Structures are given as C-alpha cells and as structure tokens.
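Undergrad: let's see this in three dimensions:
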Amino acid sequence: MIFEVFNRLELNKGGMHENLPEFLDTLSDWVWEMDTNGVHTYSNAAITKILGYTPAEIVGMHVSSIWPPEMATEEAITLFNRELKDAIPWKFFRGKFRHKDGSILTLESSGMPLYDKNNVLTGYRGVDRDIHETIRKEQELVASREKYQQLSERFELENNFKTLLLDIITHDILNPVNIISGLSEQMVNELPDDERLQLILRSSKRLSTVIRGASTLAAITNGETIAMERLDLAKLLTETCADYQHQMSQSNIELVCNIPEKCVVVANPIIEEIFKNYLDNAYKYARQSKRIEVNTREIGGDILCEVADEGETISDGDRERIFRRGVRLSTGLKGSGLGLAIVKQIADAHGAEVGIRPNFPKGNVFFLKLSPGGKPAR
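TA: Numbering: from 1, shown residues only. Alright, predicted model coming up:
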C-alpha cells in the first residue's frame, strides 16, 4: 500500500514530497531510506516503537548495525553492499533485527530501488513491520495442526481396530453361533419337549441377532447404506412388547399394546432397537408411571409408532436436545447417553422421523414416523 502512495507521487525518482514525512510519522510500520552503501538516510517515527531507536539515531547508521551480532560478519556486510548496487527490489523478506535493548525481533521487510531524475540509482526506500504476533499465531496454527493430525491418526488407528474387532465379531463369532443355532434347531425337531434344547435355540438366535445388529449399527455410525427388506412391523412390535411384559408387570406397570394384525414396511431389522430404546426409557425414567402404551397407526400415508408413558413430562429444552449424543435426562440415574442418539441415527438411515411430545395430563410420547415403502418419510 505504501509503495502505491510512493508511485502515485512519483517518489521513486527524486526526494520526498514536502508533506510526506509528516504523513509517514502517523504510520505504525517503519518507513526508511538508505543510500547505495546501506546507510540510513531517513526514518519515520515508527522506528522508536519497533526497535527503540529515534529517527535521529538511526539516520547515518549502517543497516548492519541493527543486525544480530552473529549475522553482522564482514563477509555478510560485503555481500549485502554488493547486492545493493544491483537495484533488485525485495518483498516480504523476513529477517532478524536487534532492538536497542539487545533483544532480537523478526521484521518483515520490503524495499524498492530509488532513482534520481537522471535515472541513476541513489539508494532504496522500504517498509518494515513487526510480525512477532503473526509468527506467534503461525506457530499456534502449526502446533494446532500437529495436534489435530495426531488426533486424526489416533482416531484412524482406533477406527481400524474397531473395524477389525467388528470383523472378528461378525465372522469368527457369528459362524460358530450359526452352527450352534442350526444344530440346536435340528435337535429340537427331534426332541421337541426338551426345554433345555429350546433354551439353547432361543439363546443362539438372540445372540445371532445381537451380533448382526452390532454390525448394522457400526455401518450406520460410519454413514454407510444399510440393507433394507420387507418386514412385518406389527409382528416385530408384538414380539418386542412380549419381551418387556414380565419386566413391566414386576414393577406394577401395565403395558398396553395397540398394534394392528399386520403392518408391512421396507426397513432393516435394526429398527427394533428404536422401540427397545423407547421402552427402556419409559421404564427407566418413568417408574412412577402405572401405564405405558404402544400405539401404531397409519397417518397421511406414513406409519406412526408411539410409546407413551405417564411419568414426569420432559421439558421443552430437554426434548430438543435429548437425541444428541451424550445428552441424558437430568434424573440422577446412570446411563451412557448413547441410546437416543443411536435411535436418531437409525431413524436417519431409514429416512424416518423421531421425536418427543408431551402426553396429557402428564408424561411423554416418544414417536417414530416412517414411510412404509422406505425413504423418504418426512
């Protein structure tokens, strides 16, 4: 910018405009002139703030006088003086300079040749600025970049380990489970009255479902597309409610399930986790509720599934935040805060909508709204 001012005033030839020194003294950057021998012939007032010298002190001083001692060698000074004769401009050169108090600063320097009216090189005019704050920010940026690079590498390593662990679970463990399930099913067919064999069969099938669910959840978390199939949502909900009936009755909670005989949708079986999470939350956080309802109906061409309790109504603020990872209801009960965040991810993978609204006179309604034919549901 300052060089543009010089050029407009044609100050690359001849001396300074009579009003210019007064203007230059208002600048925070050090504006200087030197002759072809490297001796300063002009300095604005900024030199005092930057390097501690007055303009009167710096004028008549060779530039090497403000170099760090280890740089101001006879060889370096000779080379510098020789290069001054070549009339080569420089821009944004970062160099070390010695403050009057002996401290060393880094300045960013730009200089251009100065000619007289006969086009003879008479010296240089330039601008130097203190860039210690810029350097500090650059160093912080580099440190931050290195930190995040290390974190990225760590996360990548952990992610690779998780992928390996998931492969082991879904293949090395699932295969033996399938063998156990197949053999136990064959034995149940041969001995249908043996309750122990039936227990083994049910347990092996449940374990297989858990393992496949873990694989699907990992895929959802990684943003991968999951496989969809036609499944009877009514049957799935009925079986899920049956799993919770004993637990609810032990706590004197009436579990009412208003589910149609058949409700076919295109979804992944992992969608069952949404209803399990809803029922878990209704049981865990609404123990004072004596009734929990599971309702399923068609509305506007979509399927709406609801789990309604009569516990304490969740506040408006919590309803907005509760599906975020790490957010838990402030009840004092222990929990990871992951359940409803996973619910949201599963719903997103199906193009479905999940949410909470108040129940009346009190309590909450957790809902899932999805298109029976698959995405999109909103």
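Undergrad: residue 122 reaches residue 87, doesn't it?
TA: No. With contacts counted by Cβ atoms under 8 Å, residue 122 stays clear of residue 87, the gap being 10.3 Å. The C-beta positions use only the backbone N, C-alpha and C, and glycine is treated the same way.
Undergrad: which of the two has more neighbours?
TA: Between residue 122 and residue 87, residue 122 has the larger neighbour count (other Cβ atoms under 10 Å), namely 18 against 14.
Undergrad: which residue ranges of this structure form strands?
TA: Ranges of strands within the chain are 30-35, 40-43, 90-98, 104-115, 121-130, 229-232, 254-258, 264-267, 291-299, 302-308, 353-358, 364-370, based on DSSP state E.
Undergrad: tally of neighbours for residue 366?
TA: Residue 366 is flanked by 25 other residues according to other Cβ under 10 Å.
Undergrad: repeat for residue 73
TA: The criterion is other Cβ under 10 Å. On that basis, residue 73 has 12 neighbouring residues.
Undergrad: can you start the count at 556 instead of 1 from here on
TA: Okay, using 556 as the starting number, the last item reads as residue 628.
Undergrad: relative to residue 813, how far out is it?
TA: With the distance defined as Cβ to Cβ, to the nearest Å, residue 628 ends up 92 Å from residue 813.
Undergrad: ok, longest helix in this structure?
TA: Longest helix in the chain, counting residues (DSSP state H): helix 687-722.
Undergrad: pLDDT of that one, averaged?
TA: Confidence over helix 687-722, taken as the mean pLDDT, stands at 78.
Undergrad: and it, how far out from the chain middle?
TA: The chain centroid and the centroid of helix 687-722 are separated by 12 Å under Cα atoms, centre = their mean, to the nearest Å.
Undergrad: okay, angle between that helix and strand 645-653 too, please.
TA: 100 degrees (axes from the mean of the first three to the mean of the last three Cα atoms, to 10 degrees).
Undergrad: any low-confidence regions in the stretch 556-705 of the chain?
TA: Along the stretch 556-705 of the chain, segments meeting pLDDT under 70 span 556-574.
Undergrad: could you redo the last one with a cut-off of 80?
TA: Counting by pLDDT under 80, the stretch 556-705 of the chain has low-confidence residues at 556-576, 703.
Undergrad: same question, the stretch 756-905 of the chain
TA: Under the criterion pLDDT under 80, the flagged ranges of the stretch 756-905 of the chain are 761, 764-770, 772-774, 776-779, 840-844, 875, 879-894.
Undergrad: try it again at 90.
TA: Under the criterion pLDDT under 90, the flagged ranges of the stretch 756-905 of the chain are 756-782, 798-808, 816, 828, 835-846, 855, 865-900.
Undergrad: and the gap between residue 911 and residue 649?
TA: Taking Cβ to Cβ as the criterion, residue 911 is separated from residue 649 by 58 Å.
Undergrad: neighbour count for those two, which is higher?
TA: Each of residue 911 and residue 649 has its neighbours counted (other Cβ under 10 Å); residue 911 has more, 20 against 11.
Undergrad: what's the burial count for residue 798?
TA: The number of residues packed around residue 798, counting by other Cβ under 10 Å, is 12.
Undergrad: residues in contact with it?
TA: Not one residue lies near residue 798 by Cβ atoms under 8 Å, 6 or more residues apart in numbering.
Undergrad: for residue 682, give the beta-bridge partners.
TA: According to DSSP bridges, residue 586, residue 665 are recorded as the beta-bridge partners of residue 682.
Undergrad: my guess is it contacts residue 667. True?
TA: No. Counting by Cβ under 8 Å, residue 682 does not reach residue 667; the two are 9.4 Å apart.
Undergrad: neighbour-wise, which of those two wins?
TA: Relative neighbour count places residue 682 above the other of residue 682 and residue 667, with 22 against 19, counting by other Cβ under 10 Å.
Undergrad: so residue 603 makes contact with residue 609?
TA: Yes. With contact taken as Cβ under 8 Å, residue 603 and residue 609 are classed as touching, separated by 5.7 Å.
Undergrad: out of those two, which sits in the more crowded spot?
TA: Taking neighbours as other Cβ under 10 Å, residue 603 and residue 609 compare with residue 603 leading, 16 against 12.
Undergrad: show me the contacts for the more buried one.
TA: Residues counted as contacts of residue 603 (Cβ under 8 Å, 6+ apart) are 609-610.
Undergrad: can you check residue 623 too?
TA: So, once contact is read as Cβ under 8 Å, 6+ apart, residue 623 ends up touching 651-653, 659.
Undergrad: so what touches stretch 728-748?
TA: Contact partners of stretch 728-748, identified using Cβ under 8 Å, 6+ apart, comprise 749, 752-753, 755-756, 759-760, 762-763, 766-767.
Undergrad: at 6 Å what do you get?
TA: Residues from elsewhere that reach stretch 728-748, judged by Cβ atoms under 6 Å, 6 or more residues apart in numbering: 752-753, 755-756, 759-760, 762-763, 766.
Undergrad: hang on, the earlier thing: tabulate the strands of the chain (TSV), appending distance to residue 712.
TA: Rendered in TSV, the data for those read as follows (distance: least, Cβ to Cβ, whole Å):
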stretch	distance to residue 712
strand 585-590	49
strand 595-598	56
strand 645-653	37
strand 659-670	38
strand 676-685	42
strand 784-787	35
strand 809-813	45
strand 819-822	34
strand 846-854	43
strand 857-863	39
strand 908-913	33
strand 919-925	36
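Undergrad: out of those strands, which comes closest to residue 878?
TA: Relative to residue 878, the nearest member of the strands of the chain by Cβ to Cβ is strand 908-913, separated by 6.6 Å.
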